[in-house]
Structure formats: structure tokens, C-alpha cells
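**Q** Next input, structure requested:
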Amino acid sequence: MGQHFPAGYLVGQVSKVQRHNSGEFAQIDVTPAAQLAGGHHVVVLFSDSLAMEQPHVNR
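**A** Next up, the predicted model:
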């Protein structure tokens, strides 16, 4: 996939969001859509501030 996922590609479902006091960081627990061999850390970058304010709804 060349380091990019197409829009709407399900990689997991958010199970918990804990925002840090600074407002710049959050700890987000995600249940993966596929079985993984072990623990992984990822960085999620949002393109605008609205993405952090409005949760995504699966359709």
C-alpha cells in the first residue's frame, strides 16, 4: 500500500481517548481490525483541529 491507507480503510476501532492537559497530545487506545503479532505504537496526524473535536462514526 505504499505507506498510505485509502480513505475509509478500516485499521481499527477507537476504544478509549485520554487527552493530556497541554491539549497537544492524547493517548488513544485502538482495537485493531486485524490480528497483530505484538504491541505497536503509531502516530496519528490530523489535518485540521476539527478532527480532534469530533469523533469519527463508522457507517
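
**Q** Going along the chain, name the strands of this protein.
**A** Using DSSP state E, the strands of the chain run over residues 12-19, 26-32.

**Q** Just send those strands back as a markdown table, with distance to residue 6, mean neighbour count and mean pLDDT too.
**A** Every C-beta, even on glycine, is put in place using the N, C-alpha and C of the backbone. As requested, those are exported to a markdown table (distance: least, CB to CB, whole Å; neighbours: other CB atoms under 10 Å; pLDDT from 0 to 100):
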| stretch | distance to residue 6 | mean neighbour count | mean pLDDT |
| --- | --- | --- | --- |
| strand 12-19 | 15 | 11 | 88 |
| strand 26-32 | 17 | 12 | 85 |
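
**Q** Next, format those strands as TSV and append distance to residue 41.
**A** What follows is the strands of the chain, written out as TSV (distance: least, CB to CB, whole Å):
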stretch	distance to residue 41
strand 12-19	13
strand 26-32	11
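
**Q** and the gap between residue 32 and residue 9?
**A** 13 Å (CB to CB, to the nearest Å).
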